[in-house]
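Novice: what would the 3D arrangement of this be:
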Amino acid sequence: MSGFVDVGPSAGLAEKGKQVVTVGAATVALVRIDGRVYGVDNRCPHRDGELGQGDLEGFNLFCPLHAWVFDVRDGRGFFPKGAEVACFEVKEEGGRILVSPKGVKPSQGGAWP
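Specialist: All right, here's what the predicted structure looks like:
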């Protein structure tokens, strides 16, 4: 668990659920899809919209302000193309959600298997 921050119980994030947590200096939007938890920067790079308040369709998280769309698996945006948000490594251990405080953008080699 070294380097990871415990952000709460796994049971607190339902399937297709969203939750916003603070991890160090970062605010991270967590989503659970197909049983796995993904974490991306909560702030849209366009106008700082809170992604954790946006709609979730499949793996796509929409900014609630102007509908920019990001894939939670890797942080890549497809509307508009080339936009990106940082991804945060997330793991679950002992019924807890653990998040790395270091986010990485796709252009920096972000996303985890």
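
Novice: just checking, what packs against the helix or strand of the chain with the lowest mean pLDDT?
Specialist: Every helix and strand of the chain was ranked by mean pLDDT, DSSP states H and E. The lowest is strand 76-79, at a mean of 90. Under the contact definition 3 or more CB pairs under 8 Å, 6 or more residues apart in numbering; DSSP states H and E, strand 76-79 sits against strand 69-71, strand 81-84. C-beta coordinates here come from the backbone N, C-alpha and C atoms, glycine included.

Novice: pull the number of nearby residues for residue 25.
Specialist: By the criterion of other CB atoms under 10 Å, residue 25 has 7 neighbours.

Novice: how about residue 108?
Specialist: Applying other CB under 10 Å, I find that residue 108 has 11 neighbouring residues.

Novice: change the start of the numbering to 16 and stick with it
Specialist: From this message on, residue numbering opens at 16, which makes the last subject residue 123.

Novice: phi, psi of it?
Specialist: Main-chain dihedrals, residue 123, degrees, to the nearest 10: phi -100, psi 10.

Novice: what's the pLDDT at it?
Specialist: If you check residue 123, the pLDDT there is 80.

Novice: can you check residue 85 too?
Specialist: The model's pLDDT for residue 85 equals 97.

Novice: swap in the one 5 residues further on?
Specialist: Taken from the predicted model, the pLDDT recorded for residue 90 is 95.

Novice: start and end of stretch 77-87, how far apart?
Specialist: 10 Å (CA to CA, to the nearest Å).

Novice: contacts for it, please.
Specialist: The contact list for stretch 77-87 (CB atoms under 8 Å, 6 or more residues apart in numbering) reads 46, 48, 53-55, 59-62, 64-66, 68-71, 74-76, 91-95, 98-100, 102.

Novice: right, I'll leave it there.
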